[in-house]
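Q: Generate coordinates for the sequence data below:
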Amino acid sequence: DHVFTLCTEGRAHRINCYWPNPLVEGYIIRVHKLFFSNCTVDHEVWVDPPDGTLTALILVPVFLTLAMIALVVWCSKRSDLLA
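A: Okay, here's the model as predicted:
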């Protein structure tokens, strides 16, 4: 509730209204109920993936990049032989 009070107070000051203002607070509550009725108070906590997954996500693009570089170099040397 404290966060909501700070939010409504800040919004009231932005539009140059005095605080506390039941009219502004009621308007903000109606807008919140209309557009954010499904919001949750708890924030989702992000966690890192397991080490194996993280390692794979890092190493696969690195090795693909190295393989593409090697392929380009190999093809450019081979085109010199064919020309």
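Q: can we go C-alpha only for contacts and neighbour counts from here?
A: Will do.
Q: so what does the longest helix along the chain touch, helix or strand wise?
A: Looking across the chain with DSSP state H, the single longest helix is helix 51-82. Packing partners of helix 51-82 (3 or more Cα pairs under 8 Å, 6 or more residues apart in numbering; DSSP states H and E): none among the helices and strands.
Q: buried sites along stretch 5-13?
A: Residues of stretch 5-13 classed as buried by neighbour count (16 or more other Cα atoms under 10 Å): 8, 9, 11, 12.
Q: Also stretch 17-33?
A: 24, 25, 28.
Q: possible to save those residues as a markdown table with secondary structure, pLDDT and distance to residue 57?
A: A markdown table is the format used below for those (DSSP: H, G, I helix; E, B strand; the rest coil; pLDDT from 0 to 100; distance: Cα to Cα, whole Å):
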| residue | secondary structure | pLDDT | distance to residue 57 |
| --- | --- | --- | --- |
| 24 | helix | 75 | 49 |
| 25 | helix | 76 | 47 |
| 28 | helix | 76 | 44 |
